[in-house]
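In: here is my input; please provide its structure:
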Amino acid sequence: MDFKSYIRDIPDFPEKGVVFKDITPLLKDAKALQAVTNALMDLVEDQRIDKVVGMESRGFFYAPILASRLNAGFVPVRKDGKLPAQKIREAYSLEYGNDSLEIHEDSILKGEKVLIHDDVLATGGTAAAVCELVERLGGQVVQCVFLLQLDALNGTEKLHGYKVTSLLHY
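Out: Modelled structure (predicted):
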């Protein structure tokens, strides 16, 4: 299946000069949704995963599905002020600004094997911040899996030392 045919470019969103990769056409097609899930699972290979971490908000589409298929728990990482219990926070830079993310302090136990998923790897700031959060809680990041990667933005440089796989490259 040609997954790229389901990705729509939206120019100048969320701000001028950014070309947003819209994955909603892929999500609304049942066969494409299932095929992408299977393809993402193929990227994970045969490794024990205790938790799958998904980043707000588009990482929430596939991370819970991957967690279910891997017989693992799902952990949401959210923007400031969205999680109700005790949490830790990490600031980061992205291609069009700065932000911070939070994770519940009790979401990952020391020594747990963690798969990190997001829809897009761009500059790598978001994923690097999530890796830092996981490790601060004592988790071991075994892999970062992305639906698509914007190669020109060199996001893998911020993820040096981590196994990074992406289904699609732009």
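
In: and the strands in the chain?
Out: In the chain, the segments counted as strands under DSSP state E are 8-11, 19-22, 51-55, 73-79, 87-94, 97-104, 113-121, 140-149, 164-169.

In: could I get these in TSV, plus columns for distance to residue 129?
Out: In short, each C-beta sits where N, CA and C put it, glycine included. As requested, the strands of the chain are exported to TSV (distance: least, C-beta to C-beta, whole Å):
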stretch	distance to residue 129
strand 8-11	25
strand 19-22	20
strand 51-55	9
strand 73-79	8
strand 87-94	4
strand 97-104	5
strand 113-121	10
strand 140-149	12
strand 164-169	15
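
In: the bottom helix or strand of the chain by mean pLDDT?
Out: Of all regular secondary-structure elements in the chain, judged by mean pLDDT, DSSP states H and E, the least confident is strand 87-94 with a mean of 88.

In: name the helices or strands packed onto it?
Out: Of the remaining helices and strands, those touching strand 87-94 by 3 or more C-beta pairs under 8 Å, 6 or more residues apart in numbering; DSSP states H and E are strand 97-104, helix 125-136.

In: now do the contacts for the nearest residue to residue 48 once chain neighbours are set aside.
Out: Among residues not flanking residue 48 along the chain, residue 113 sits closest, at 5.4 Å (C-beta to C-beta, 6 or more residues apart in numbering). Under the criterion of C-beta atoms under 8 Å, 6 or more residues apart in numbering, the neighbours of residue 113 are 47, 48, 49, 50, 51, 139, 140, 142.

In: between the top helix by length along the chain and strand 113-121, how many degrees?
Out: Secondary structure of the chain per DSSP state H: the longest helix is helix 30-44. Interaxial angle of helix 30-44 relative to strand 113-121 (axes from the mean of the first three to the mean of the last three C-alpha atoms, to 10 degrees): 130 degrees.

In: what's helix 30-44 packed up against?
Out: Counting by 3+ C-beta pairs under 8 Å, 6+ apart, the elements that helix 30-44 packs against turn out to be helix 24-28, helix 59-69, strand 140-149, strand 164-169.
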